[in-house]
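> got a structure for you, letters missing:
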């Protein structure tokens, strides 16, 4: 029967090529617009570390109290980064399985080849636990050990790209890199690792950035040599001391912090620890306001930081609206098309076809329109994803891509949506009174 | 014309009427919100920064192995290096003027704080939020700012300080917007303010007409015209120079910069982004806004085209269905124009119903966007414009099938199908 219905559908569609083309175009454009927006949305809202995100937590301590919230922007949220005092204290107390305070740096590197000009690189000053905590893959070597943190050792982990640039891609473990005029020994080379968003430090990178993460060096070492932070510094009051040292003594926030807590019990114990830490500081006279800490897991944290640009969400909503409009339209056209064939339906029904058969016949016809529209939609989506790169900001556009999953989804959405749109017209077609139709003819 | 037969006819096509009306409603809702978004973005992009933007470019560079401490000796060493760079740039033949700076409008790097009328106010409150620019006596001239009151900095006013020093200046120049906010009644020149909750008084010596803050993000929208300029050269391990090229010599001046600076000292980082024209800075800052406007425009066009096509399709079907009735009407004396009017009026009625629903949907969608994203409330005239657009679109779309209907010959009435 299926073959017969397919044949019928094909004949019917051929009979009114104008209307058919119109429907296919409408489905194609509607699906392509929404899929293009979806591809961008998918790229920016994906979980950057899906196997572990529920076990990674970002602690927030309310070290500013109510006075930090006077500008009225973030209702009752504590500051979203840490000052030096608290970050270092929490690292020292070391209550999570893995944890790392970190800050963004942007040092310069003097290439070994003296004829080349120095280059500028981006990166982070982190603790050794940063690497196992985030499952950072290594091409050569490894992270530095905890002893290097303690000794403030001049060691460094570099990106694959920087390794290519400096050492021609060879195994560079043990070689030295000259950073700001000082030599650092390479302990590891990353294996093509650049998660988007830069989930471990969205405060200083904004999540999506065109900046590269090329160097990781010990936090303690960076502080020791006075390597300044490159990113946001927010203050509730002007630091008393000056310079980078003054910043470390101030309550200004510029450090990101992440901890790995493997189960619910560990997470709640850590929250208790944070609150206890706050109470201790309060008892010591540092704070005079109630406890208002947060411990969010990574997905909740990314959400609270609004990492997904609102433009992306608005575009997706509008594009889905467009898809709905297209489907309403298709429903109208299918209705017209099906009811025009009332007499044909009448004959079939009179000859004994059950309503179910009519349903089948017309849904298959709707499905065929959807499938063709979907194929057109595929091509238009491909064009659309190519085109977004010249309308969207670079750091986002480069993430949107076409893959098999998107293509399958495009087809599925096109077919299902068109069949959905065809439901009511089919229902109407199946209600055609055979007697009436036969009589008028 | 009597509406009754038309309504009776429409009753026979309830589903079709509902679908067209729904289509028009959704289209109206999306189109007026999209137009509103486009307009807001274009307004954003078109606002002048206060600069004379042509021939201006920015140089950003980082020293390698420069003193990293903030003891006086290191700061003075950094300042000497900075002045050497300034001299080298000022000596270039295609350069009109150069000034050190921490940022320029539309650059995603800013230094923000507060200004208050009383000393020791909280940093985060104050009387106004403001952004700080740090420059020298050539800063205003280089950016092409328009001084409306008081005076410009002189070379004697300019001092230097470490990048992370927290001392407030003796004198500043502020924007008119900030001056009016702080001193709504009086002339601000000569008045004392307190910056960043400090207790040290700062005197306003001049007012510039307009100067935008660096950030174009929504978080800065509450103080977008509140700028304060301090007569200070900032000394850090990196420096920025804003340069005005001689008229029409922008490219030549930009090309000459790297070698001039490398000649002063090769131990520095200059990369592809180090020398950037203001035009490029502007394009990058507003890329997202322009992209969003383009995207919304594309969606509007597709949507209007789809709706028009839908109306044509469905009306054509109705015309086909009523072929005979039209013939009968013509035979009974209806003129062509009557038939045309009939379909046009019918479309006007359906579109009207859709538009009523659409207005409600449009306002609802705007409210939804307002609650979820930082969107403004949409003025009523956007809805009215949207209304006019979809009604006109409906009339244009219905014209083709209505014309075909009006051409049905009366003789059809006499034929049996």
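Structure received. The shown structure was predicted, so the numbers you read here are calculated from the model rather than taken from an experiment.
> only C-alpha atoms for contact and neighbour calcs from this point on.
Noted.
> Quick check: which element contains the nearest residue to residue B:119 once chain neighbours are set aside?
Excluding its sequence neighbours, the residue lying closest to residue B:119 (Cα to Cα, 6 or more residues apart in numbering or on different chains) is residue B:199, at 4.4 Å. Under DSSP states H and E, no helix or strand contains residue B:199.
> Per-residue pLDDT of residue B:199, please?
For residue B:199, the pLDDT comes out at 87.
> Tell me how far it lies from chain A.
Applying Cα to the nearest Cα, to the nearest Å, the value for residue B:199 to chain A is 11 Å.
> I'd say that residue and residue B:120 touch.
Yes - with contact defined as Cα atoms under 8 Å, residue B:199 counts as touching residue B:120 (4.9 Å).
> For the stretch 101-250 of chain A, what lies in contact range of chain B?
Proximity of the stretch 101-250 of chain A to chain B (Cα under 8 Å from any Cα of the partner chain) is limited to residues A:108-110, A:117-120, A:180-181, A:226-227, A:236-244, A:247.
> try it again with 7 Å
Residues of the stretch 101-250 of chain A found near chain B (Cα under 7 Å from any Cα of the partner chain) are A:108, A:117-120, A:180-181, A:226, A:236-239, A:242-244.
> out of the residues you listed, which are inside strands?
Among those, the members found in strands (DSSP state E) are A:108, A:119-120.
> sec struct for the closest residue in space to residue B:104 that isn't next to it in sequence, please.
The shortest distance from residue B:104 to any non-neighbouring residue, by Cα to Cα, 6+ apart, is to residue B:214 (5.8 Å). Three-state assignment for residue B:214 (DSSP: H, G, I helix; E, B strand; the rest coil): coil.
> So which residues of the stretch 251-400 of chain B form strands?
Counting by DSSP state E, counting those that start in this stretch, the stretch 251-400 of chain B has strands at residues B:268-269, B:275-277.
> The stretch 51-200 of chain A now?
For the stretch 51-200 of chain A, the strands defined by DSSP E, counting those that start in this stretch cover A:56-60, A:98-105, A:108-110, A:119-120, A:123-126, A:138-141, A:155-158, A:176-179, A:182-190.
> so for the second one, what's the average pLDDT?
Going back to what we said before, that points to strand A:98-105. 95.
> a markdown table please, covering the strands of the stretch 51-200 of chain A and showing mean neighbour count and distance to residue A:198.
Below are the strands of the stretch 51-200 of chain A laid out as a markdown table (neighbours: other Cα atoms under 10 Å in any protein chain shown; distance: least, Cα to Cα, whole Å):
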| stretch | mean neighbour count | distance to residue A:198 |
| --- | --- | --- |
| strand A:56-60 | 23 | 14 |
| strand A:98-105 | 24 | 11 |
| strand A:108-110 | 23 | 21 |
| strand A:119-120 | 20 | 19 |
| strand A:123-126 | 24 | 11 |
| strand A:138-141 | 17 | 18 |
| strand A:155-158 | 24 | 16 |
| strand A:176-179 | 20 | 23 |
| strand A:182-190 | 21 | 15 |
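> mind listing what the one residue in chain A that gets nearest to chain B touches?
Closest residue of chain A to chain B, Cα to the nearest Cα: residue A:391 (3.9 Å). Going by Cα atoms under 7 Å, 6 or more residues apart in numbering or on different chains, residue A:391 touches B:287, B:290-291.
> This completes my enquiry, with thanks.
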